[in-house]
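In: generate coordinates for the sequence data below:
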Amino acid sequence: MTTSINGSSRTIGWNTITLKCPTQWEPIVTKPTHLLFEENFRPVLELRWQNGKRHHKRSNAATLHKIAAETGLTVLEELPPHWEKLQKKYALTLLADNDSGEPKAAIMICKECGTTLLLYFFDIPATKNHQCLTEIIESIHCHRQNKSDWILWEIQDFKILLPGSFSLSGYNFGAGLTRLSFADSGLTMHLCRLAGASQRLEKSSMLTIMNILGELDISEEDAQHMEGNVSHCSFPSILQQIRNRIKRKLPFHWVTLRHHPEHDRLSGLFFFDKKPIPNRLITTILKSYEIQSL
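Out: Here you go, the predicted model:
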């Protein structure tokens, strides 16, 4: 049974939420604001959230009534000892199983930003340990301390820091290919992470893979090649910009694909905009993009 997350934890960052969980837990993204954690292919924790909305007491009571009616759970009048410390950060309500009295769900509203979190605990030993469970919940952060702070995205075996103005516009966790898309005004950024790099590079060059991922047609002569890296930057003329806009293509781009042989991974970043892309922004984001060992 897991008794503590200290010393054997991993950080998860997804769409403004960060938390620490046991290393053996596997996070699964089911919706932009919905994570499911599994251990040995069995669900252990479900987390949903809604950002920045201040809820009236009536709406909170209605939500509680609805959840209790749908699940058959009972609202606990008093919090167990390990849960009381969470009241410093959240307005907290627990729902318990009628027979065992064990907490099965929690509704938490952040006292600072108003984010509402709904958690469901599945009936396995790991989540019956109140200390471990409350440590995991206590590690949750649902807002930035400062507006200038960048947001951590850490899932699977990669992590990256992005400006708070970047909003998730799409994602896909395919077989061997993860693709996240972000938008910030006129700027579009795609993050790609590919497994099985050695097999892919036996069949295709890094430039070919980069062209496919970015839907580009960059030639060998125009691409910039370094050891384990291929990239390209587009600064089109006024005439080329007009042609691209007629074709509904963003004229400016900066793209790169990197090889991580120690992890057998490829990582790519693709920036597109209708105006020149700040080099400092690209450099900072690229520097934060890491492939990790799990």
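In: when you work out contacts or count neighbours from here on, use the C-alpha atoms and nothing else.
Out: Fine.
In: got the domain ranges for the chain?
Out: Segmentation of the chain into domains, based on automatic domain parsing, reads 9-138, 152-291.
In: please convert these to JSON lines, extending it with mean neighbour count.
Out: Below are these laid out as JSON lines (neighbours: other C-alpha atoms under 10 Å):
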{"stretch": "domain 9-138", "mean neighbour count": "16"}
{"stretch": "domain 152-291", "mean neighbour count": "16"}
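In: so what's Asp149 up against?
Out: By C-alpha atoms under 8 Å, 6 or more residues apart in numbering, Asp149 lies in contact with 163-164.
In: gap between it and Ile140?
Out: 16 Å (C-alpha to C-alpha, to the nearest Å).
In: circling back to that earlier point, can you redo the domains of the chain as a markdown table with distance to Arg144?
Out: As requested, those are exported to a markdown table (distance: least, C-alpha to C-alpha, whole Å):
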| stretch | distance to Arg144 |
| --- | --- |
| domain 9-138 | 8 |
| domain 152-291 | 9 |
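In: tell me the strands beside whichever strand or helix holds Val255, with direction?
Out: Secondary structure assigned from DSSP states H and E places Val255 in strand 252-260. Note on strand 252-260: by DSSP bridges, its sheet partners are strand 229-234 (antiparallel), strand 265-273 (antiparallel).
In: tell me which of the ones you listed sits nearest to Gln50.
Out: Gln50 sits nearest to strand 265-273 of all the strands paired with strand 252-260, at 28.3 Å, using C-alpha to C-alpha.
In: then the helix or strand following the closest one to PDB, C-alphas only?
Out: Using DSSP H and E, the helix or strand that follows strand 265-273 towards the C-terminus is helix 279-288. Taking Å, rounded to 0.1, in the frame of the first residue of the first chain, the C-alpha atoms of helix 279-288 are listed here in PDB:
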ATOM      1  CA  ASN A 279      13.300  35.000 -31.100                       C
ATOM      2  CA  ARG A 280      13.400  35.400 -27.400                       C
ATOM      3  CA  LEU A 281      10.000  33.600 -27.000                       C
ATOM      4  CA  ILE A 282      11.200  30.700 -29.200                       C
ATOM      5  CA  THR A 283      14.500  30.400 -27.400                       C
ATOM      6  CA  THR A 284      12.900  30.400 -23.900                       C
ATOM      7  CA  ILE A 285      10.200  27.800 -24.800                       C
ATOM      8  CA  LEU A 286      12.700  25.600 -26.600                       C
ATOM      9  CA  LYS A 287      15.100  25.600 -23.700                       C
ATOM     10  CA  SER A 288      12.300  24.500 -21.300                       C
END
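In: and the angle from helix 279-288 to strand 252-260?
Out: 20 degrees (axes from the mean of the first three to the mean of the last three C-alpha atoms, to 10 degrees).
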